[in-house]
Every structure is written in C-alpha cells, then in structure tokens.
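J.: I would like to see how this sequence folds:
(chains A and B)
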There are 2 protein chains.
Amino acid sequence: MLKEFQVHINKRFSFLKNGKLLIAISGGIDSVALTYLCKSLDLDFALAHCNFNLRGKESDADEDFVLELAELLDVEVFIQKFDTEVYAKKYKRSIQMAARELRYDWFNELAEQLEFDYILTAHHADDNLETFLINFTRGTGLNGLTGIPEINVNVVRPMLQFSREQIEAYAKANHIKWQEDSSNTSRKYLRNKLRHEVVPILKEINPQLLDSFQNTLEHLNDTADIVEESLNAVAKRAIVNIDEQGVTYKVAEFKKVNNPKAYLFEMLKDYGFTEWNDLVDLLNAETGKYIKSTSHRLIKHREFLILTDCHSEQDEASFVISSFDEKVETPLGILCFAEADAVLDNSKNTIYVDREQLNFPLELRLWQKEDVFCPFGMKGKKKLSKYLKDEKMSPVAKENTWVLTTDNAIVWVVGKRADNRFRVTDNTKQILKIGLK
Amino acid sequence: MLKEFQVHINKRFSFLKNGKLLIAISGGIDSVALTYLCKSLDLDFALAHCNFNLRGKESDADEDFVLELAELLDVEVFIQKFDTEVYAKKYKRSIQMAARELRYDWFNELAEQLEFDYILTAHHADDNLETFLINFTRGTGLNGLTGIPEINVNVVRPMLQFSREQIEAYAKANHIKWQEDSSNTSRKYLRNKLRHEVVPILKEINPQLLDSFQNTLEHLNDTADIVEESLNAVAKRAIVNIDEQGVTYKVAEFKKVNNPKAYLFEMLKDYGFTEWNDLVDLLNAETGKYIKSTSHRLIKHREFLILTDCHSEQDEASFVISSFDEKVETPLGILCFAEADAVLDNSKNTIYVDREQLNFPLELRLWQKEDVFCPFGMKGKKKLSKYLKDEKMSPVAKENTWVLTTDNAIVWVVGKRADNRFRVTDNTKQILKIGLK
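T.: A predicted model of the protein is given here:
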C-alpha cells in the first residue's frame, strides 16, 4: 500500500517535491497517515495543529500527541489554540463553520508568513463521498455534487483518491499510531450515519462504488466547466455596468437563451433569492417592479435588471449633525462644512448656503415619499418624488437619494440639487460651504 | 389526500382534461391509484396492461385483476401478452430492457392507432429518488442525475411529485385494492435494497428529503439546459459535415473552449469510447491517428476529427460472386453484371471490361495493404496504397475502399478506377458492364 501511495503522489502531485509544505494535522488516522507518507517520500514539510478546545482533555491529548509525533519525526510543528465557541457566538457561525474559518485563516496566515507553498489536508475518497451525500440529502445543485477539489489554489489533498480502507490498511501495516476521535457533534452525527449505515449498503450494491464515484465526479466537474464557460459568456453580454450601486443586466440577453431561469439562478444564487419563477417574470415586468431577498433586491428598470444590496438598515438611517465643526461619515461619503473660500467649487458634491438660515442640529436622511422642496433657481415648491421622476433616475438611484434638512426643511437633495430657500443672496452675511468627500 | 392529488393534477396537468388518455397499468398500487384518480377527475381514459409472462400464475392473476377493474370502472382495457424472454434473447437485451422496449413500443402503437393523446404512467417521487440512487451507485454524469421527466413527448407522469407514502395513504383511505408484486428480479433487488435500507436513513437525516430532492432535480435540469444549449452552439460551429461515412468535426473549435474533454465527452459519449484523455490528445495528433471504441472510430484527418461506424465485421468482409447472373448486395450497393448496351454509362459506378479476361468466381473485398493494380489508361503497376494517398482520400474513405478481383488480380477499385488489364480492346469479343446501384 505504501508503494502504491508513493507512486500515486509522485505521479499526480510531483510539484510537492519542490515545495515547502504545511500539513494540517488533527492527530486522527488520516492526517497522521499523510504525515508518515510525506516523511517516507522525504518531502519538506511542517505540521500545523489546531486545538479548538471543544473536547476538553481529549483536545489537549491530541495536541500532546501531535507534539510527540513532530519530535519523533523530527519536523517543525505549529500549535494554535482557539476559543471556537466564543468565535462562533460572536460571528454567528455554526461550531463547524467557525472551526473551518479559524483553521483555514490560521493555515493561510502561517503559509504567508513562513512561505509555505502548499497546505496539505488528509481528505480521502470516503470523505468526498460522504460530503456528496450530505449535500444531496440537504438538497443542492451541480456545485454541491462536484466533490472536494484535489487542488484548490494552495490547498492540496493528495489522498483524495484513496479510500478509508486503504488508509487504514497502510496505517496498520506500518504500525502507525493515531488518536481516536470520540466526538459526536451534529455534523459528525450526520456523517457517521452516512458512513456507517448508508455507504456500506451502497458498497454492497456496487463493490466498485468509489471508482464509479470518481468517474461520476470527473464527469460532473467537466460539466461544471461547460456551465461556467457558458455563464461567463452570457454574463459578459448581459452585464452592462457594475458600480457601488449594484450590477446592471440587459434583459434582452436573458430572453435570448432557452431557459432564462437556469441562467438567472446560476448568476444570482448567492444573493439569497428563493422565488426563481418570480425572478423570471421580472424579465417581462413593468419598470419599478422588484424582488427582494433577505440581503438583495433585483429591480426591473426599463430594459435592465439591477441587482443591489438591500442595506435594510439604511432604510431607517439618519444622521444628526450637531455643529458646523462636525465631519459626518455617511454612506455617501464624508459630509463637511467650511467657510466659503475664494475657490468656487462647481461640482455637484458641493453647495453654498446662507449660514444664518440653518438651525442646528441638521439631519441627513434618506428621502421620503412626502418630501417637498424648492429646487434651486426655481420659484415654488416641488414634490421630491416628482423631481426624481422627472430626472429619469433609475429605481436604485432613487432609493439612494439622501436629503440634508434643517427644521425638517430640505436644504440639499445631496449631490443633486440645492434648495432655493437657503441660497446665497445679497443679504447673506456668511456663506457656508457644504461638501461631500 | 384525494383532494390534494386532484388539485395538483388540475393545476399542473390541466391539458389532460381535453385529451384521450391511455393509462399504463400493472395492477400494482401506483398504477391502480392513478386509475382511480383519473376516474375521480372524470378524465377520458382507457387502460393498457402488459402481461410479460415472467411470473407464471401471478402474471395471469394481474391480468385478471386489471380486466375486472376495467369492468368495475366501466373503462376500455387493452391487454397484450409478450414472450419477454424470447425477445430478450433474440435482441440481446436484459429482461428489464426487453420489457421496457416491448411496453413502450406497444403503448405507442396503441396511441397511434387509436389516437390516444397521452400515455400516463404512475411513477412517483420515490421511484425517481431510487432511480437517481441507482444511477449514482453505478457511476453516471449529469444526465443520470436529472431524474425521470414529468412530461416526455406524449408520456405523462402525473404522480411524479407524490411520495409512495402519500399514494399508500390515498389508496388505503379510499379502500382501493391492488395486486402485490412478489417478484424479486435483480433490478428489483437493487431497487428494494435502496428502498428499504438506504432511503429510510436518508429520510431520517432529512425528513423533507423528497422536497429537497425535488429542488435538486429542478436545479440539475436547469443546469442540463445550459449544458445542452452550450453543446449545441459548439456542435454547430464544430460539425462541418455529416454523411453516411460519418461526422466531421473541426478541431479548431474544440481548441477554443476551456475544457475540450468536457465537450468531446458530451458529444461522443454514446459511441462507446472510454479513453477520454486519449481522445483529447487526438486534437493535436498527426493525420491518420485514431481511437477505436467497440462500435466507432474517431480519426484525425488534417484539421478535422472524423467519427465513423467501425463496422468491424466488414474488416473481414468479402463477397464471392459465382456467376454473371448473380446480383450481389454489398455495403456499397448492389453489384450487377450485364451485356454492354448501346447507352454508355460514364459514371464512376460503372465499368466496361473484356468478359473473356474474367474467371469466376470473382471476389469483392476491402482493399489490403499489399494490393497492386494497373490504373486504367496507365502503363505499369501501382501500389493501391500509393494510389489512394495520391488521390488525397480521407482515412475514412480509404478504409471504405473495395476492390473487385479475378484470380486475385484487381479488376476494379470500385467506384474509383478500373484496371487497365481488363479494359476493352479491339480484340474484345464480348463487353461486360459491371455496375453498382
């Protein structure tokens, strides 16, 4: 088995020979076997062990085991303790997600600082099969069925095509010792259930299951390449603009394809949408119609679909400005006040007003339906909603309209139009410059 | 449950109301439930039952049951007996494939002759899940994971989104009777194993498994649409010719895509190839290199790949022609002999020879490497291989070159060049016309 492993790695991962490697080691059979295997191949590697402090004494025993192994094999070892539960709580992650983030963040930090070329993990074919089945039972798409990648940027999984059985045979034949993991987290529960109850039956049905699975993965990954290429081509034609406000898609491009839903799903699946048929209907909807997800909004605007962050907090947002000396950081930029100087700034991001007309505190807030103002240079009032419509602003730009007010009167439709009531006149004693940087 | 089923069918399959339907009925719970359901909806349907004669008395009992049910419900019924085992042996099919072919052939025949608009089958969500898992355990690609289609041309599966549990509940609540199937063919063994041992655990892990599965199928089918569209686009650019000799692909088009193997696999997967990496290498191989599958051959010819039938039997093929009176059916057409008449035929498919020079039997066979002939109009001999090369024939056309010989001397390189030795001269007493129709 050792010989077989060595040949496989030399052939498929020959680049490891010339690299500085960091092996992610838990102390379990897989990562310990990988360590011995790398040692037998005389590769240049160090060990990195995370102590997630999730299993009390057992976690510490694993740490000790890894330290001893490093000494035995005479290789460098890095140990890091994590407060996984604290992290998980703070960032609202599952324990498993938290451990994953902490682990890979640390590995990458180590790799960067100490110039490791590759991070090696000990995932094997049975892990891969279990992951496939986990994703499948939860419901997934093609991307959930393409398996764990063998090489992903700097993370390499040299044993991904070996079975658990092969690794156990290797470990036993070579009298390798490892730590048993008695943990039974819910993730492990799920995995154990598949491992011990489902996979054995599938292997009984097809003794070559792992080989068939390998072929399936290869085909599905090839198919994923076709899909990706096709999506890129459609996206290239469909996306006409990307800026802070969002992504603008040409509706016509989605109408050219056989199954618009398929493309919309693939392009927008990461933005929390669930009602895909409604999204398709948006292609033929009136301007202004939109669909909201928990985090994003897709708006029909003339011949375009515009994807934006919902920033639902902003809906309520307002900033109170207590004095001229304050600089206020807003979603639009930094709002600041100054005495007018000799250089007149004509940009849309600056206005000049009569200081005496302003009563503090001022308020900067998103516009509201009932807002009315006196557009600069005009006599009389105008509904802000009418003004925005007349300006033919897109729904997104409309939504992002902020107003600066004093005593509830609009001083400035920020970046768009000053109010006539606060303009500099012959009677103005002090000119105030308000700008957005 | 009945209400739920009815609403679903009225909503999703409203077109069934106006059609003449043929229900494929085995006598088992699913198809009997479908029959009662259609009756409750007052649809216009008849029953069609196949007796495959595979389970002796049980098969006959099923037939009787269906006859009685038809009488009970007062609907038309068609019964057909099949010698499934004989058919399977004759056409080298598995029993299951044989039954499938016989069944659908007969259903379609009935539908055509008696003008049924739709054939209804009783497949349900658990069947679909089991099929997915069967394909998965065997190894498959995306197409093996997209499930049974709800509507496929004229075959409709109205219960595909219902679970076995729902159907059982419906049947029991409505005191419906059905026939239990005690068969345990290998196909059923596999299905039963998944049904009774694997699926229950998956449902334990995720009680909403069938719903998740439905979502997964929907996503995978959408993805399959993207793949199909993309393949069609590439095929349209790549295929420059299709004729009896085969399909000609432009190599350059495969070199433009990110993952040529993915596209080659999808386009050629039905032709028995297995060495996909070798197929990719063919893109950069010398003219004349080829890869054979059990049934086909892909040949590199200049800037093209040419896919042909291997017709491996022909490699050895030869036809012995005992007399002038014989008409010989060959892969090229019918070879026939006649006295020359007044009308001279100048086509490549006819030659005129000196009858006295020919000794029977003649032989028609594929050319061989060592063949030598005297091209008509030339003095001296020429290697046939050299002649074919000089004619710049494609590898496929080369392979399809047949020669007609007498006493092992070439009389005609069929359809290409007559031999000078057998030409009509001033001394010819009788002119023989040899033609290919």
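
J.: Need the three-state assignment for the one residue sitting closest to the centre of chain A.
T.: Nearest residue to the geometric centre of chain A (CA atoms, centre = their mean): A:D270, 8.5 Å. Using DSSP: H, G, I helix; E, B strand; the rest coil, the structure places A:D270 in helix.

J.: Chain B versus that one, what's the distance?
T.: Separation of A:D270 from chain B (CB to the nearest CB, to the nearest Å): 14 Å. To be clear about C-beta, it is placed using only N, CA and C from the backbone, and glycine gets the same treatment.

J.: How about A:H296?
T.: 19 Å.

J.: next one: phi and psi at that residue?
T.: The phi/psi pair for A:H296 (degrees, to the nearest 10) reads phi -130, psi 170.

J.: for it, what are its contacts?
T.: Listed by CB atoms under 8 Å, 6 or more residues apart in numbering or on different chains, the contact partners of A:H296 are A:268, A:271-273, A:307-310.

J.: And the pLDDT at it?
T.: For A:H296, the model assigns a pLDDT of 89.

J.: So what sits opposite it in the bridge?
T.: A:D309 (DSSP bridges).

J.: What separation do you get for it and A:D64?
T.: Here A:H296 is placed at a distance of 48 Å from A:D64 (CB to CB, to the nearest Å).

J.: before we move on, what about A:F136?
T.: Taking CB to CB as the measure, A:F136 and A:D64 are separated by 38 Å.

J.: quick one: which of these two has more around it?
T.: Shown here are A:F136 and A:D64; by other CB atoms under 10 Å in any protein chain shown, A:F136 has more neighbours (22 against 13).

J.: residues in the stretch 1-150 of chain A within reach of chain B, list them.
T.: Counting by CB under 8 Å from any CB of the partner chain, the stretch 1-150 of chain A comes close to chain B at A:133, A:136-142, A:145.

J.: from these, which ones fall inside helices?
T.: When DSSP state H defines the helices, the subset of those inside them is A:133, A:136-138.

J.: ok, of the residues you listed, which come out buried?
T.: The neighbour-count test (16 or more other CB atoms under 10 Å in any protein chain shown) marks A:133, A:136-138 as buried among these.

J.: Reformat those as a markdown table; add distance to A:N18.
T.: Listed next are these as a markdown table, based on distance: CB to CB, whole Å:
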| residue | distance to A:N18 |
| --- | --- |
| A:L133 | 37 |
| A:F136 | 38 |
| A:T137 | 41 |
| A:R138 | 40 |
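
J.: Out of those, which is nearest to chain B?
T.: When those are ranked by distance to chain B (CB to the nearest CB), A:T137 comes first, at 4.7 Å.

J.: Pretty sure the closest one sits against B:E204.
T.: No - under the criterion of CB atoms under 8 Å, A:T137 is not in contact with B:E204, lying 9.7 Å apart.

J.: So for A:Y290, what's the nearest residue that isn't a sequence neighbour?
T.: A:I299 (4.0 Å; CB to CB, 6 or more residues apart in numbering or on different chains).

J.: The one you found and A:N400, how far apart?
T.: Counting by CB to CB - A:I299 and A:N400 are separated by 12 Å.

J.: More neighbours: which of those two?
T.: Legend: neighbour count by other CB under 10 Å for A:I299 and A:N400, higher for A:I299 (24 against 21).

J.: can you list the weak-confidence ranges in chain A?
T.: A:183-187, A:311-317, A:342 (pLDDT under 70).

J.: Run the chain-centre distance for the lengthiest helix in it.
T.: Scanning chain A for the helix with the most residues, using DSSP H, yields helix A:209-238. Distance of helix A:209-238 from its chain centroid, counting by CA atoms, centre = their mean, to the nearest Å, is 21 Å.

J.: Stretch A:45-53 too?
T.: Relative to its parent chain, stretch A:45-53 has a centroid offset of 25 Å by CA atoms, centre = their mean.

J.: Pull out the buried residues from that stretch.
T.: Across stretch A:45-53, burial judged by 16+ other CB under 10 Å covers A:45-52.

J.: Now, these that are in strands?
T.: Using DSSP state E, the subset of these located in strands is A:45-51.

J.: Which parts of the stretch 301-437 of chain A are helices?
T.: With helices called from DSSP state H, counting those that start in this stretch, the stretch 301-437 of chain A shows them at A:312-315, A:384-390, A:395-399.

J.: Out of those, which is closest to chain B?
T.: Comparison of these against chain B by CB to the nearest CB identifies helix A:312-315 as nearest, at 26.3 Å.

J.: residues touching A:F265, list them.
T.: If a contact means CB under 8 Å, 6+ apart, then A:F265 has A:141, A:276, B:219, B:222 as its contacts.

J.: can you tell me which two in the residues you listed are farthest apart?
T.: Farthest apart among the contacts of A:F265 by CB to CB are A:G141 and A:W276. That separation is 11.4 Å.

J.: Excluding sequence neighbours, find me the nearest residue to the residue of the stretch 51-200 of chain A found nearest chain B.
T.: Per CB to the nearest CB, the residue of the stretch 51-200 of chain A with the smallest distance to chain B is A:G139, at 2.9 Å. Using CB to CB, 6+ apart and skipping residues adjacent in sequence, the residue nearest A:G139 is B:S212, 2.9 Å away.

J.: Strands of the stretch 301-437 of chain A, residue ranges please.
T.: Remark: strands assigned in the stretch 301-437 of chain A by DSSP state E, counting those that start in this stretch are A:304-309, A:318-321, A:328-330, A:333-339, A:350-354, A:362-366, A:372-373, A:382-383, A:402-406, A:409-413, A:417-418, A:431-436.

J.: Quick one: these as JSON lines, columns for mean neighbour count too.
T.: Shown next, in JSON lines, are these (neighbours: other CB atoms under 10 Å in any protein chain shown):
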{"stretch": "strand A:304-309", "mean neighbour count": "20"}
{"stretch": "strand A:318-321", "mean neighbour count": "16"}
{"stretch": "strand A:328-330", "mean neighbour count": "15"}
{"stretch": "strand A:333-339", "mean neighbour count": "15"}
{"stretch": "strand A:350-354", "mean neighbour count": "21"}
{"stretch": "strand A:362-366", "mean neighbour count": "19"}
{"stretch": "strand A:372-373", "mean neighbour count": "18"}
{"stretch": "strand A:382-383", "mean neighbour count": "14"}
{"stretch": "strand A:402-406", "mean neighbour count": "22"}
{"stretch": "strand A:409-413", "mean neighbour count": "22"}
{"stretch": "strand A:417-418", "mean neighbour count": "23"}
{"stretch": "strand A:431-436", "mean neighbour count": "19"}
